[in-house]
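> next comes the sequence, and after it the predicted model I'd like to discuss.
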Amino acid sequence: MRRVLAACIASLLLYATAFAIILDRPLALGFLRAEIEAKLARAAAVGSPKLVILSGSNGPYSHRCQVMEPQLNRPCVNGGVAVGIGLDYLFARWKPLLHPGDIVYLPMEEAQYVRSREATAVGPDAAIMLRHDRATLAALPEDRWAGALFASGPRGAVMSLIEMALDAGGFHDPRAAVTGETNAWGDHVGHTAQLASFNTAVLAAAVPYHPSAAAIRDGYGTQLIAAFIGWAQSHGVRVIGGLPTGFADSPMTEAELQAIRSVYLQTGGSFLELGNRSRYPREAFFDTPDHLNEMWQIRHSIAVARALAQQNRPLASRAGF
């Protein structure tokens with residue numbers, strides 16, 4: 001029995017050591033990690049007061065800080081990455097860079113409000129923290145430690161070996177040519193209407209996900225957002241919620257809209273809602289119901305910046321709002 005127990009412990013230690021020190025996913029996860037670090041570095045460089053956009057990929061694909069910054073007369077950082085990145089991790093990384101006078105705009109995707117604690121614990125950021133950011137991991141709740149340890153399995157090990165070999169061989173990531181790339185502000189750029197034409201059939205068949213109002217009210221993501229708003233209030237940081245972009249022919253229900261508004265208004269934040277509720281025709285999108293193509297990204301960003309300026313007139317003294 002002791003030998004079996006010792007063998008189990010040794011196996012767990014070997015497993016943890018392999019994924020924490022030896023194995024890596026430089027392509028699949030390295031791409032996300034590089035984006036996160038670049039956005040944080042820009043935030044540190046521009047100082048305060050600034051505008052930070054945090055969300056899933058709706059942030060960089062549908063919003064453009066490059067356009068919003070001159071309208072609002074303050075630095076803008078597009079900190080959105082992907083819907084799978086845990087909000088607890090995202091907020092933990094950004095808090096040290098947020099200071100009195102900063103504004104955080106949260107056009108969160110619907111799925112982010114209802115993402116479960118269990119799914120959050122084993123998201124892509126779990127593997128990133130275990131391999132590259134154990135300081136942040138140590139600051140998160142204990143269930144995140146277990147999630148990080150067991151977020152990868154045999155398939156992850158095989159993919160790590162393949163990706164590490166490709167990376168060592170100078171593999172060129174083709175994603176920029178197919179979907180665009182990230183600019184200095186953290187925006188996704190180059191996702192043109194021409195490239196979007198290859199996704200026409202996918203967009204036509206897409207059925208957007210709309211969680212119920214009850215699911216939003218009770219969601220784990222909602223709890224994390226509410227806690228972040230509480231932290232922001234105590235640190236002189238203003239949080240403004242917003243709606244994600246989506247198909248005009250697949251609107252949210254009034255109950256869902258009210259549930260999202262309440263996440264912010266009942267916890268001390270503000271809420272921004274455009275006249276079109278951030279709904280656009282399907283031909284305005286790039287590859288998913290959350291990603292506008294570049295032309296519409298710019299149009300939407302101008303509208304959001306104008307609305308932000310109305311809520312914060314001193315920000316836009318040069319823009320004439």
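Yep, it's here.
> quick one, helices of the stretch 51-200 of the chain?
58-62, 65-72, 87-94, 110-114, 117-121, 124-132, 134-139, 142-149, 154-168, 175-179, 193-196, 200-205 (DSSP state H, counting those that start in this stretch).
> roughly how far does Ala204 sit from Gly236?
As judged by Cβ to Cβ, to the nearest Å, Ala204 and Gly236 stand 46 Å apart. The C-beta positions use only the backbone N, C-alpha and C, and glycine is treated the same way.
> these two: which is more packed in?
Just comparing Ala204 and Gly236: by other Cβ atoms under 10 Å the higher neighbour count belongs to Gly236, 13 against 9.
> in which helix or strand would I find the more buried one?
Using DSSP states H and E, Gly236 sits within no helix or strand.
> wait, isn't it in contact with Pro49?
No: checked against Cβ atoms under 8 Å, the pair Gly236 and Pro49 is beyond contact range at 9.8 Å.
> how about the helices in the stretch 201-321 of the chain?
Using DSSP H, counting those that start in this stretch, helices in the stretch 201-321 of the chain cover 213-218, 220-234, 254-265, 294-311.
> mind listing residues that contact the shortest one?
Contact partners of helix 213-218, identified using Cβ atoms under 8 Å, 6 or more residues apart in numbering, comprise Glu110, Tyr113, Val114, Thr222, Thr253, Ala255, Glu256, Gln258, Ala259, Ile260, Ser262, Val263.
> now that helix, how far from the chain's geometric center?
20 Å (Cα atoms, centre = their mean, to the nearest Å).
> which of the residues in that helix are buried?
Ala213, Ile216, Arg217 (16 or more other Cβ atoms under 10 Å).
> what do Gly236 and Pro49 both touch?
His99, Gly101, Asp102.
> could you flag which of the residues you listed are buried?
Buried among those by 16+ other Cβ under 10 Å: Asp102.
> make TSV out of the shared contacts of Gly236 and Pro49 and add distance to His63.
Output for the shared contacts of Gly236 and Pro49, formatted as TSV (distance: Cβ to Cβ, whole Å):
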residue	distance to His63
His99	22
Gly101	21
Asp102	17
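> tell me the one among the shared contacts of Gly236 and Pro49 nearest to Ser57.
Distance to Ser57 across the shared contacts of Gly236 and Pro49 (Cβ to Cβ) is lowest for Asp102, with 22.4 Å.
> any stretches of the stretch 201-321 of the chain with poor pLDDT?
Counting by pLDDT under 70, the stretch 201-321 of the chain shows low-confidence ranges at 313-321.
> can you do 80?
312-321 (pLDDT under 80).
> of the helices of the stretch 201-321 of the chain, which approaches Phe91 most closely?
helix 220-234 (4.7 Å).
> hang on, Leu224 packs against Phe91?
Yes: assessed by Cβ under 8 Å, Leu224 is found in contact with Phe91 at 6.8 Å.
> so between those two, which is more surrounded?
Between Leu224 and Phe91, Leu224 has the larger neighbour count (other Cβ under 10 Å), namely 21 against 18.
> that older thread, buried subset of the contacts of helix 213-218?
Glu110, Tyr113, Val114, Thr222, Glu256, Ala259, Ile260, Ser262, Val263.
> pLDDT wise, what is Asp88 at?
Looking at Asp88, its pLDDT is 97.
> from memory it sits against Thr120, does it?
Yes: Asp88 is in contact with Thr120 according to Cβ under 8 Å; the separation is 6.6 Å.
> residue contacts, the most centrally placed residue in the chain?
Taking Cα atoms, centre = their mean, the centroid of the chain lies closest to Gly56, which sits 2.8 Å from it. Gly56 makes contact with Gly80, Val81, Ala82, Val83, Gly84, Ile85, Met108, Glu109, Ala111, Gln112, Asp290, according to Cβ under 8 Å, 6+ apart.
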